[in-house]
Each structure stands twice: as C-alpha cells, then as structure tokens.
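K.L.:
Fold the following, please.
(one chain, ligands or ions: 1)
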Amino acid sequence: MALLNLKNKKIVISAGASGIGWATAKICLSKGAKVYLCDNNIKNINKIKKNPLNNKRLFIHECDASDEYDVEKFFDKIIKKTRKIDALINNVGVAGPTGNIEKLNSEDWEKTLKVNVISHFYFTKLAIPMLKKNRGGSIINVSSGAGIMGFPLRSPYAASKWAVVGLTKTLAMELGKFKIRVNAICPGTIKGNRMVRVIKDKANFLKMSEKKIEKEFISMASMNCWIYEEDIGKFCSFLISDEAERISGQVIGIDGNAIRLD
Ligand SMILES: NC(=O)c1ccc[n+]([C@@H]2O[C@H](COP(=O)([O-])OP(=O)(O)OC[C@H]3O[C@@H](n4cnc5c(N)ncnc54)[C@H](O)[C@@H]3O)[C@@H](O)[C@H]2O)c1
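P.N.:
I've put the predicted structure just below:
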C-alpha cells in the first residue's frame, strides 16, 4: 500500500474538510494526487487552509452538498482547473435522528435522505462527463454498516445508506462500458466526532451511560475494535488506483467484521 501511486490523479471529495473525507484527502495527497474538496463548514475549511498540506494540489470550496446550485458552482470552479477527473468520492452523509419511527418527524427524514442520497446524484451527474473525458475512473459511494444491516432507532439513516448501495449497483452497470468503476464502502464504527454525538444521542434516548453504549458499539464487530478514518482513506486510495482496475459493483465493509448493529 505504501507504494501505491496516485500521481496526478484528480479526485473530487464531497464533505471533505474533516472526518473520513479529510483523512482520505490527506492519504491521496501523500500519494501524489490532486484533490478538490468541498464542505459546508467554514471553520473546518479555514483549519485546512492553515494546514501545510494546503498547497497547489489541494483546492477547497465552501458548498452545501445537498444544494444542487451550490454543487454546480463547485464543479464550475473545478472545470476552470481541469476538464477531466479520475475519481469522485461521494462522502457526504449525516447521522440523522435517533428514535423509534413513530416519534420521528418527516422533516428530519427528508433532510437525511436529501444529504445522504440526493447529494450523491448531484455530484455524480456532474462528475460522469469528466470521468468519461478521462476515459474511465472510479466512483466511491460511502455507505455504512447500516447499508447492509438493519439499524434500530436509526431508520432514516439505514434507509439512506441502503439507497446508496442500490445506486452503486445500478451505476456500476450503467457505467462499466465507459471503464468507470463504481463501488460502495461500508465503514464500521469510526473513532471520531460523529460517534461521540451518536453515542450521546443513544445514551440520552435509552437513559444509559455513554461508556456502556460505546462498549456496545465496539462489540458489534467480531474484531471488537474501533475503525479509524485512515482505514477508510487507505482503502479509497486503493480503489482509485490502477491496482483496482477491474473492481466494480462491489459493496465492501471496512468494519472489523461487523456482525450486528443495535
Ligand atoms: N463516522 C462513522 O462512524 C461512520 C460510519 C459509517 C459511515 N459513515 C459515513 O461516512 C461519511 C463521512 O462521515 P464522517 O463521520 O467523516 O462525517 P462527519 O460528521 O465527521 O462530517 C464530515 C464533514 O462533512 C461536512 N458536511 C456535513 N454536511 C454537509 C453538507 N450538507 N455539505 C457539505 N459538507 C457537509 C461537515 O462539515 C464535516 O466537515 C458519511 O457518509 C457517513 O454517513 C461514517
């Protein structure tokens, strides 16, 4: 993996100014890629602008991934820099609400689906012509363990992540003839800010201690471990590389063998 070469590969990442997206961007940059990322959080963007990695190979833009017009403006900026790209990582996704379905409201449901699924449509639609100009490339859709298993109390999230898998399988069939590979990755429980929020919400809902909820989350992988953002970044860099040139239509767990989500 250390020898993996992404020299001059051009990679677009949605919601990449922190978490999995930024970890992936850093790994791709270290392997020679050019990265175009967007995020809607100006604080996270400004932090990156001060990072030594902010050089000529990194372009950052403020954009709400769930706003079609904003995404079009992001691509307008990219097109001014390059006509073709090698990869798109549809990374944006929110956790959505926690609760039994009869207590959830339609606004939260719609927001979760808008960000987690419809955003991917906006990015993919604009990326495909640039991948075709490149005569091939890689689309990686970030799903979740909740995209292959049920996830009690998180119905909108699970529904959205299963939709990402359906989108992946379909696009892989539509785009194979253009040498555009499409895969979904399903991260397990990542050690990071999002899980701190998810654990807090679940502990509040179930009136249990956060420590106990955290232990339960970790035990959902047979390897009994946290997953790290870098685990996802390393695998994305492999899927983008020429080493993965015949891998498409796959749904791959990076989760220490997650056996349940509850
Ligand atoms: N963290 C986990 O445990 C975990 C597990 C499985 C799957 N995932 C999936 O991985 C992906 C990344 O997760 P993460 O934990 O790194 O995310 P995160 O919650 O840490 O957020 C990453 C970035 O996304 C940005 N963002 C959020 N909404 C946005 C929007 N509408 N437009 C633009 N930027 C936006 C945030 O500002 C932030 O900088 C998501 O699709 C998530 O569902 C995460």
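
K.L.:
near the ligand, which residues of the stretch 101-250 of the chain?
P.N.:
115, 142, 144, 187, 189, 190, 192, 193, 194, 195 (Cβ under 6 Å from any ligand atom). C-beta: built from backbone N, CA, C; applies to glycine.

K.L.:
ok, residue 228 - how many residues close by?
P.N.:
Residues lying near residue 228 (other Cβ atoms under 10 Å) number 16.

K.L.:
just checking, next helix/strand downstream of the strand or helix carrying residue 164?
P.N.:
Here residue 164, judged by DSSP states H and E, is contained in helix 155-175. Per DSSP H and E, helix 155-175 leads on to strand 180-187 as the next helix or strand towards the C-terminus.

K.L.:
which residues sit against the helix holding residue 164?
P.N.:
Here helix 155-175 makes contact (Cβ atoms under 8 Å, 6 or more residues apart in numbering) with 90, 93, 95-97, 101, 104, 108-109, 112-113, 116-117, 120-121, 124, 128, 131, 139, 141-144, 146-151, 181-184, 186, 248-249, 251.

K.L.:
ok, now stretch 44-51?
P.N.:
With Cβ under 8 Å, 6+ apart, stretch 44-51 has contacts from 17, 18, 22, 39, 54, 58, 60, 62.

K.L.:
out of the residues you listed, which touch the ligand?
P.N.:
Answer for the contacts of stretch 44-51 near the ligand (Cβ under 6 Å from any ligand atom): 17, 18, 39.

K.L.:
which one of those has the most neighbours?
P.N.:
Most neighbours among these, by other Cβ under 10 Å: residue 39, with 26 neighbours.

K.L.:
Skipping adjacent residues, who's closest to that residue in space?
P.N.:
residue 17 (3.4 Å; Cβ to Cβ, 6 or more residues apart in numbering).

K.L.:
if I pick that neighbour, what's in contact with it?
P.N.:
37, 38, 39, 41, 44, 45, 47, 48, 60.

K.L.:
Just the buried residues from those residues, in ChimeraX please.
P.N.:
In ChimeraX, a selection of the buried entries from the contacts of residue 17 looks like this (16 or more other Cβ atoms under 10 Å):
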select :37,38,39,44,45,48,60
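
K.L.:
ok, back up a step: would you check which pair of the residues of the stretch 101-250 of the chain next to the ligand lies furthest apart?
P.N.:
Farthest pair in those (Cβ to Cβ) is 115 and 189. Separation: 20.0 Å.

K.L.:
out of those two, which sits in the busier spot?
P.N.:
Comparing residue 115 with residue 189 by neighbour count (other Cβ under 10 Å), the higher total belongs to residue 189, at 25 against 21.

K.L.:
what comes up buried for stretch 226-235?
P.N.:
Taking 16+ other Cβ under 10 Å as the criterion, stretch 226-235 shows 226, 227, 228, 229, 231, 232, 233, 234, 235 as buried.

K.L.:
pLDDT averaged over that stretch - what is it?
P.N.:
Stretch 226-235 comes out with an average pLDDT of 97.

K.L.:
residues in contact with it?
P.N.:
Counting by Cβ under 8 Å, 6+ apart, 1, 19-20, 22-28, 142, 185, 187-192, 218, 221, 252, 254-256 sit against stretch 226-235.

K.L.:
ok, residues contacting the lowest-mean-pLDDT helix or strand in the chain?
P.N.:
For the chain, counting by mean pLDDT, DSSP states H and E, helix 193-206 ranks last in confidence among helices and strands (a mean of 90). Applying Cβ under 8 Å, 6+ apart, the contact partners of helix 193-206 are 18-19, 95, 98-99, 153, 189, 208-210, 212-214, 217.

K.L.:
Please flag which of those residues sit within helices.
P.N.:
19, 210, 212, 213, 214, 217 (DSSP state H).

K.L.:
ok, the fourth one to the ligand distance?
P.N.:
Shown here: residue 213 relative to the ligand, a distance of 13 Å by Cβ to the nearest ligand atom, to the nearest Å.

K.L.:
Now do the contacts for that residue.
P.N.:
Counted by Cβ under 8 Å, 6+ apart, residue 213 has contacts 199, 202, 203, 206.
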